[in-house]
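Q: The following comprises the amino acid sequence and a computationally predicted model.
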Amino acid sequence: RYILRKDPAAMVLVTTFSENLAADLNYRVKPLMRPRELERCDTRTFCDFGKETFDKVRPQHPRVLEAVELHDIVERVIGDNREMLPNGILPEFAASEFERVVDTRGLATWASYRDAVRRGVLRRLSEDRRLALWKVFELVREDLRKNDLMTANEMFWDLASFYKTNPSLARLYSHIVVDESQDLCEAELAFLAAYAQGPGSLFFAGDIGQRIIRYSFPWKQFGIDLRGKSKVLKVNYRTTRQIRSMADRLMADKIEDADEIVQDRRGTVSLLSGPNPEFRQFDSVEAEIEGVAAWLDKLHDEQHVESRAIAVFFRSEKERQRALSAVAKSKYAKAVAPPKLCAMLDAKGLEYQAVVVMACDADVIPSHERLAEADIIAGLQEIYDTERNLLYVACTRARDYLLVTSAGIPSELLLDMSPSGLAPCRG
């Protein structure tokens, strides 16, 4: 609003990485604007912005894949050529290496992949093993070209190159505000840096402690230096003091990113207060399902919480059935608008009066698949940090009521959140 009123010619884009967040931003921005200001302010996902821009500068481009489509293709090609993988390298690791390193960084040649540095990694694959992997990655790219397809990151790298070589070309937006910027990847940031014209044209809002999708990387290499230009907000208006204080135990008081910018989380205050969050450790999955259903029934009978104000989160799709079963056994089973069920990765930007975080078992979070990448794709500490951030995000989606459960051996992360320990629960 400040930009639009200060500069009558300004065009502002407010963007973020998911549809949920973009819809929420649009809902919150509209009441702040005058009608004429809204005409000069757009809200959309970063990927949609990229695709619309790409359509204009490269009208005949290949079809840009959605993330899930790319993942399926990568898994198929690598699976079909698993005999080419080095000994001890699983197809799952190779797929993650392509998506998280090769595609994200825009590594187009064997030399660039061979020399790629990974932050925090203590050991590297030998050059022979990396070369064997690269030959498989070339097959993935051949498959994409044969079918006239490209990845979203390839699109962003192409856009970055286009605008970098056309610095005087008029841009649709004079200013861009990026929400949840901690989850930008190298390709996206490169595009933003090339698109921006002049100081003050980019504004980033984010929280290092909520980085859940991408690994950390230095922004300075793209000409974006936030040192001395950032500020940590200390007022929490979304969740109660009790829930925030519990979730904060997952985080260090000070967090440092790849550019050595320190975020000091001390001194944060919450405007809301409510009941303490609950932790329940069950002997079995069946007991956990019964216990969650009973907790939901209590919300229904005593707190009269509407079904659409409730969410049940879990680490991955592997645990969805546990959440479905718990809701099916509760008094919310036949609700017209049932409680929201989704994986933790999709919880960003969502807000609910009551939240259940289920299946926080020792073999579920931290994810064993992610830990398998330790010291090869990323450092062990960074992987642990993103898993902590994921649980933090899930828990802080709750405004008033929070239940966190496990079956069997609980995750070590729950012990960090509950200093008094986890009391076993039979039902």
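A: Arrived safely, thanks for sending. Numbering: from 1, shown residues only.
Q: Going by C-alpha atoms from here, please, whenever you check contacts or count neighbours.
A: Noted.
Q: next helix or strand past the helix or strand where residue 78 lies?
A: Using DSSP states H and E, residue 78 sits in helix 67-80. Per DSSP H and E, the first helix or strand lying C-terminal to helix 67-80 is helix 91-97.
Q: the strands in the stretch 51-200 of the chain, which residues?
A: Counting by DSSP state E, counting those that start in this stretch, the stretch 51-200 of the chain has strands at residues 63-64, 149-150, 175-179.
Q: Let me fix that, I meant to ask about the stretch 301-427 of the chain.
A: Going by DSSP E, counting those that start in this stretch, the stretch 301-427 of the chain shows strands at 310-314, 340-343, 352-357, 398-407, 424-425.
Q: now for the ones you listed, which one comes closest to residue 95?
A: strand 340-343 (20.7 Å; Cα to Cα).
Q: Same list, the strands of the stretch 301-427 of the chain, but as TSV with distance to residue 2, mean pLDDT and mean neighbour count please.
A: As requested, the strands of the stretch 301-427 of the chain are exported to TSV (distance: least, Cα to Cα, whole Å; pLDDT from 0 to 100; neighbours: other Cα atoms under 10 Å):
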stretch	distance to residue 2	mean pLDDT	mean neighbour count
strand 310-314	35	97	26
strand 340-343	36	95	18
strand 352-357	30	97	24
strand 398-407	30	96	24
strand 424-425	53	60	16
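Q: can those go into CSV with extra columns for distance to residue 180?
A: Formatted as CSV, those follow (distance: least, Cα to Cα, whole Å):
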stretch, distance to residue 180
strand 310-314, 20
strand 340-343, 18
strand 352-357, 19
strand 398-407, 18
strand 424-425, 37
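Q: thinking residue 219 is in contact with residue 225, fair?
A: Yes - using Cα atoms under 8 Å, residue 219 makes contact with residue 225 at a distance of 6.6 Å.
Q: the more surrounded of those two?
A: residue 219 (18 against 14; other Cα atoms under 10 Å).
Q: returning to what we had before: now the strands of the stretch 51-200 of the chain in JSON lines, with mean neighbour count?
A: Formatted as JSON lines, those follow (neighbours: other Cα atoms under 10 Å):
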{"stretch": "strand 63-64", "mean neighbour count": "16"}
{"stretch": "strand 149-150", "mean neighbour count": "18"}
{"stretch": "strand 175-179", "mean neighbour count": "21"}
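Q: Show me the contact partners of the helix holding residue 78.
A: Contacts to helix 67-80, defined as Cα atoms under 8 Å, 6 or more residues apart in numbering, come from residues 91, 92, 94, 95, 98, 99, 136, 139, 140, 143, 151, 152.
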